[in-house]
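K.L.:
coordinates only, no sequence provided:
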Ligand SMILES: *[C@@H]1O[C@H](CO)[C@@H](O)[C@H](O)[C@H]1NC(C)=O
């Protein structure tokens, strides 16, 4: 009986491993898929970190309204207009969620 239990535990562990293959690439533990979201403001700046301080988190450029951008995940950063969330692009830059379509963060994991 004990043997059977051990055998079944082993079997379920094995099928768990089969059902959850290690994701390819990145080497990161989190399995992040980019999500494409629309920029909702003209001149939406993308920054090196999630704060509006130009010294600390300089903008590396800006997006035009309507641009579709790939986002990987979101972080809590400086609160802008009551919104503390920033979406991280596939290039590793941050855009305040006040400049991105509202439904975007619900599709993203936390970074
Ligand atoms: C912006 O960041 C710099 C460098 O960290 C800091 O010295 C400065 O006080 C900050 N400015 C504001 C307005 O918070």
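P.N.:
Perfect, thanks for sending it. None of these values were measured; they are calculated from a predicted model.

K.L.:
can you map out the strands along the chain?
P.N.:
Chain-ordered strands for the chain, with DSSP state E as the definition, fall at 35-38, 44-47, 59-63, 68-80, 83-89, 94-96.

K.L.:
winner for burial among the ones you listed?
P.N.:
strand 94-96 (a mean of 25; mean count of other C-beta atoms under 10 Å). Bear in mind the C-beta positions are built from the backbone N, C-alpha and C, glycine included.

K.L.:
that older thread, so which of the strands of the chain gets nearest the ligand?
P.N.:
In terms of C-beta to the nearest ligand atom, the element of those nearest to the ligand is strand 68-80, at 9.1 Å.

K.L.:
contacts for that closest one next, please.
P.N.:
30, 32, 34-39, 49-53, 63, 84-90, 94-98, 100, 104-105, 108-111 (C-beta atoms under 8 Å, 6 or more residues apart in numbering).

K.L.:
report how many residues lie close to residue 42.
P.N.:
Residues lying near residue 42 (other C-beta atoms under 10 Å) number 12.

K.L.:
the closest residue to residue 65 other than its chain neighbours and the ligand, how far apart?
P.N.:
The shortest distance from residue 65 to any non-neighbouring residue, by C-beta to C-beta, 6 or more residues apart in numbering, is to residue 42 (4.3 Å). Distance of residue 42 to the ligand, given as C-beta to the nearest ligand atom, to the nearest Å: 24 Å.

K.L.:
and residue 42, its phi and psi?
P.N.:
Backbone torsions of residue 42, given as degrees, to the nearest 10, read phi -80, psi 140.
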